[in-house]
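Engineer: return atomic coordinates for the entry below.
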Amino acid sequence: MKMTYDINLDHTIPFHNNVTYCVGTGRMGLALHKEYWDQLAFVQKRIGFSYIRGHGLFCDDMAIYQEYKDEDGNIKSEYNFTYLDRVVDSYLELQIRPFLELGFMPDKLASGTQTQFYWKGNVTPPKDYDRWCALVQATLRHLLSRYGEAEVLSWPMEVWNEPNLKGFWENADMPEYCKLYSRTAYAVKEVHPDFQVGGPAICGGNDEVWMRGFLTYCKENQTPLDFISRHHYTIHFPERDGHYDYADLQSSEYSFSTLKRCREIIGEFEEYENLPFYITEFNTAYVPNSPLHDTNQNAASLARILSEIGDYCTGYSYWTFGDVFEEQGVPFTPFYGGFGLLANNSIPKPTFWTFEFFKELTGTCIFRNDHGVLCENEGTIRGVLWNLSCETDSDALTMEFNLPVPSGEYCCIQKVVDETTCNPQKVWHDLGEPANLTSGQTQLLREAANPLILTERKTLSKDNMTIEFTLTHDAVIYFEIFPSKMTTDRGFRYGWNSSVTESND
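Structural biologist: Predicted coordinates for the structure are as follows:
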């Protein structure tokens, strides 16, 4: 399949690229692991997200909420911020700020025993809302004292996680969640009115009930609401086999239709239609054991998502930066289908490069469709192209661009991520799928996880360049084209002992 496009450099196309706004993590307690910091430091150096969001701020492994009995036998609350300080200090050292999710429930404060995940996060309402609000307020006051207003007031506060799902909020009780949200939002605002607080962080296709119901509640009760949040995943229901869940992708048209409908619902509320709308989790599969996450298909699918998701929301957060993650227990293998951009041992997955590539798309968008985005910035043209084969039904998609650039000398760079050149999951499979990697195997997988780099010089005798890219099955290609004057040293003759040719258009 071949597609040809004539590009107009004066034609500006809407493209809302906020790819580095936020990234997800597992529960906050995992940040006490060295491997966690190795992976986050790698991601921050290469991509540089602004915020990080995860679960478990108030879970018992963070040890914030404590109780004791006074001399009269009365139960009193006290707070321990030792681990919280350790985590937040390290985040700020890596120039990433918390996007705070206020949850889950400390066991001593919980009204019930229902928990979620291997690490048993309690998902029941507080037995005492006053103590819950005091916990939230004490935590925020501590953060303000330690890091200062200018810093902490820039951290959004999201109340709970996916309360529309029974696994994350007891009985998926919407009236009880609205109570939790309202009490929490008022408590946050009492600490400082400039804190940004929002919700409902729902997941799934019941916006008609939950998004509409939540916004109606906030409107009727004049509850503080500074932003609206939702999650977005793009698979059909998975099938389990052993430790793994396998699922097919939804069509892009269908998955984006859910975001479009959510925006329409928000738009029906004049008070809220212009509020920030954050997708605080998104990925393909919503399960942490999906081999899809480790594949080139995931990379191509995420390229398609990143090309359009900004049309519907203010910011979005990929779930997650790395594979130090334990929702279903400690992983057995390095490629276990985790959410992360990196496999354990800091091995980049193909999707990592999709994010790094999109980070480079700055300037003016001059082309965007279902297979690519091109931007021009100060004479340099950058693009990301993809062949999501389940939608193109093609194992070889060729895209040709006619670019009206001035005559002269140019350098063209390609970075190719496909199933042949950048596929560490396959290399691991070919090694025999070892559960515990040797240092040599780890090094090999890291080397196999890098894109293929191709370069070419073009000399144009007229004001036009034709350039062609062929994308194999589920490939993602990043390219740059920029003026490049030759500055050869005296006497240097490149290719003197071989046949070297350059492209002339």
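Engineer: from the chain's centre, how far out does the host helix or strand of M399 sit?
Structural biologist: For M399, the host element (DSSP states H and E) is strand 396-403. Centroid separation between strand 396-403 and its chain, computed with Cα atoms, centre = their mean, to the nearest Å, is 29 Å.
Engineer: cool, and stretch 403-414?
Structural biologist: Put simply, stretch 403-414 sits 33 Å off its chain's centre (Cα atoms, centre = their mean).
Engineer: that stretch: end-to-end distance?
Structural biologist: 16 Å (Cα to Cα, to the nearest Å).
Engineer: tell me the mean pLDDT over that stretch?
Structural biologist: The average pLDDT for stretch 403-414 rounds to 95.
Engineer: can you give me the buried ones in that stretch?
Structural biologist: L403, V405, Y410, C411, C412, Q414 (16 or more other Cβ atoms under 10 Å). (Glycine included, C-beta is placed from N, CA and C.)
Engineer: repeat for stretch 98-118
Structural biologist: 98-106, 109-110, 114-117.
Engineer: so of those residues, which ones are in strands?
Structural biologist: P98, L100, E101, L102, T115, Q116 (DSSP state E).
Engineer: out of those residues, flag the one nearest to D489.
Structural biologist: D489 lies nearest to P98 out of these, by Cβ to Cβ, at 50.7 Å.
Engineer: now for that closest one: which residues touch it?
Structural biologist: By Cβ atoms under 8 Å, 6 or more residues apart in numbering, the contact set of P98 is Y51, I52, R53, V88, Y91, W155.
Engineer: T380 and A343, how far apart?
Structural biologist: 32 Å (Cβ to Cβ, to the nearest Å).
Engineer: between these two, which has more neighbouring residues?
Structural biologist: Each of T380 and A343 has its neighbours counted (other Cβ atoms under 10 Å); A343 has more, 30 against 16.
Engineer: what's the pLDDT at that one?
Structural biologist: With respect to pLDDT, A343 scores 97.
Engineer: just checking, it touches D323?
Structural biologist: Yes: counting by Cβ atoms under 8 Å, A343 touches D323, with 5.4 Å between them.
Engineer: mutual contacts of those two, please.
Structural biologist: Here A343 and D323 share the contacting residues P334, scored by Cβ under 8 Å, 6+ apart.
Engineer: burial of F367, as a residue count?
Structural biologist: Neighbour number of F367 under other Cβ under 10 Å is 22.
Engineer: please apply the same query to the one 3 residues further on.
Structural biologist: Using other Cβ under 10 Å, D370 has 13 neighbouring residues.
Engineer: just confirm it contacts S252, I think it does.
Structural biologist: Yes: counting by Cβ under 8 Å, D370 touches S252, with 7.0 Å between them.
Engineer: a helix runs through F355, doesn't it?
Structural biologist: Yes: counting by DSSP: H, G, I helix; E, B strand; the rest coil, F355 is part of a helix.
Engineer: show me what contacts it?
Structural biologist: Contact partners of F355, counting by Cβ under 8 Å, 6+ apart, are V19, I47, L302, L306, Y318, L341.
Engineer: go with 7 Å
Structural biologist: V19, I47, Y318, L341 (Cβ atoms under 7 Å, 6 or more residues apart in numbering).
Engineer: from R53, how far off is the residue nearest in space to the middle of the chain?
Structural biologist: Nearest to the mean C-alpha position of the chain, by Cα atoms, centre = their mean, lies Y318 at 1.3 Å. According to Cβ to Cβ, Y318 stands 10 Å off from R53.
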